[in-house]
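Novice: Sequence and predicted structure are below.
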Amino acid sequence: MSIFSNEELRNYVEEAKKVAKNGQVATYIPELGKANPLDLAIAIHYPDGNFVSAGEINKKFTLQSISKVISLALVLMDRGYDYVFERVGMEPTGDPFNSIAKLETMKPAKPLNPMINAGALVVTSMIKGSSTEERLGRLLNFIKLLANNDTVDYSETVAKSEYDTAFLNRALCYFLKQHNIITEDTETLMELYTKQCAIEMTCLDLAKIGLVFAMDGVDPIKHKQILPRDVARICKTFMVTCGMYNASGEFAIKVGIPAKSGVAGGIMGSLPGKCGIGIFGPALDDKGNSIAGMKLLHLLSKNYKLSIF
Ligand code: DON
């Protein structure tokens, strides 16, 4: 089953690339500022093992916020539904990803959802293990399984670059610790979180991970259930309601594909039952989503009627 050919995809990439000049690479994590804003790559992975791709497909990029979907899946498996959702909510915020504003208005002070930074920090703090190495190793092993790629690792340079400059995330940690939503040492959590965000891969690896979520937790190539169907369902729902932050509503209307973005320019898409999508385009719009990646998904969804709605 193939929805697009490589050539069609190449044409759409060329078209979408035109808007990259209107965006900017993230610089608040200094290392991300080194990316080429004009890059754009896409891979689409089908359940039969075939894939199509176009653009700078060999470039690796860090997952950043895309990792939040995967850490959520892991902690739901580790801790169960009740434990997780006692500590993090299920509602979209309509606020930027790093906003602290709503935390103070919530009683108890638990973050509204696992996709904003405050919620993701709580999720990361729930990853089981007796040391940072063990916890990161468990997350990495899970990602290797999802991507079917044993070589996936994190970028020490990007992790350090974020760790050295993550003052706002530290503020979120301290607020959450004050309210007993997290209990561990804040620097230990920041180390694990920044390494999680710095896990890097190509858009084909990302498409393969998106495919497993699209297929209800099953790796269709290995015919193996990697995560429970219900966990995949919860993650995809968060991708729809909160995956593109305060652009999630517009994205649901214009594109209609469960998707999650990251500030390095990645977008993971999961089209239920059909395919996984991995995109890399580091120039971002004002909400922190890949500007050319969003354009590309919009073009594909419109022309091939991909919306799930
Ligand atoms: O915590 C941060 O700010 C980054 N490591 C991740 C943020 C992010 O990717 C937001 N996505 N668009």
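Specialist: Noted; the coordinates are in hand.

Novice: What residues sit buried inside the helix ranked longest in the chain?
Specialist: Longest helix in the chain, counting residues (DSSP state H): helix 132-147. Buried residues in helix 132-147, counted by 16 or more other CB atoms under 10 Å: R135, L136, L139, L140, F142, I143, K144, L145, L146, A147. The C-beta positions use only the backbone N, C-alpha and C, and glycine is treated the same way.

Novice: That one: how far from the chain's middle?
Specialist: Helix 132-147 has its C-alpha centroid displaced from the chain centroid by 15 Å (CA atoms, centre = their mean, to the nearest Å).

Novice: Helix, strand or coil: sort out the nearest residue to A35 once chain neighbours are set aside for me.
Specialist: Counting by CB to CB, 6 or more residues apart in numbering, the nearest residue to A35 once its immediate chain neighbours are dropped is P282, at 3.7 Å. Assigned state for P282: coil (three-state reduction, DSSP: H, G, I helix; E, B strand; the rest coil).

Novice: same thing with the one 5 residues further on?
Specialist: Secondary structure, three-state DSSP: K287 is coil.

Novice: Could you work out the most separated pair of the buried residues of helix 132-147?
Specialist: Among these, the pair separated by the greatest distance (CB to CB) is R135 and A147, at 18.8 Å.

Novice: List the backbone torsions phi and psi for I257.
Specialist: phi -120, psi 130 (degrees, to the nearest 10).

Novice: That one contacts I308, doesn't it?
Specialist: Yes - when contacts are counted by CB atoms under 8 Å, I257 is listed as touching I308 (6.7 Å).

Novice: Could you check which of these two is surrounded by more residues?
Specialist: I257 (28 against 16; other CB atoms under 10 Å).

Novice: Look up the closest residue to the more buried one, ignoring the ones flanking it.
Specialist: G269 (4.8 Å).

Novice: So the one you found belongs to a strand, correct?
Specialist: Yes - inclusion of G269 in a strand is indicated when three-state DSSP is applied.

Novice: that older thread, could I get the buried residues of helix 132-147 as TSV with pLDDT and distance to the ligand?
Specialist: Formatted as TSV, the buried residues of helix 132-147 follow (pLDDT from 0 to 100; distance: CB to the nearest ligand atom, whole Å):
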residue	pLDDT	distance to the ligand
R135	98	17
L136	98	15
L139	98	14
L140	98	16
F142	98	18
I143	98	16
K144	98	20
L145	98	23
L146	98	18
A147	98	18
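
Novice: my read: I100 touches A118, true?
Specialist: Yes - applying CB under 8 Å as the test, I100 and A118 come out as touching, 7.1 Å apart.

Novice: Neighbour count: the two, which is higher?
Specialist: A118 (29 against 17).

Novice: show me the contacts for L140.
Specialist: With contacts defined as CB atoms under 8 Å, 6 or more residues apart in numbering, the neighbours of L140 are V152, D153, Y154, I199.

Novice: Among the residues you listed, find me the one that's closest to the ligand.
Specialist: I199 (10.8 Å; CB to the nearest ligand atom).

Novice: Phi first, then psi, for that closest one.
Specialist: With angles defined as degrees, to the nearest 10, I199 shows backbone torsions of phi -70, psi 130.

Novice: right, and it touches F142 too?
Specialist: No - I199 is not in contact with F142 according to CB under 8 Å; the separation is 10.5 Å.

Novice: Common neighbours of the two, please.
Specialist: When contacts are counted by CB under 8 Å, 6+ apart, I199 and F142 have no shared neighbour.

Novice: Only the buried residues of stretch 161-174, if you could.
Specialist: For stretch 161-174, a neighbour-count test (16+ other CB under 10 Å) marks S161, E162, Y163, A166, N169, R170, L172, C173 as buried.

Novice: Without its sequence neighbours, what residue ends up closest to the third one?
Specialist: The reference is to Y163. Taking CB to CB, 6+ apart, and ignoring the residues beside it in sequence, Y163 has T194 as its nearest neighbour in space, at 4.4 Å.

Novice: Buried residues of whichever strand or helix holds that neighbour, list them for me.
Specialist: With secondary structure defined by DSSP states H and E, T194 is part of helix 186-197. Neighbour counts using 16+ other CB under 10 Å place T186, L189, M190, E191, L192, Y193, T194, K195, Q196, C197 of helix 186-197 among the buried residues.
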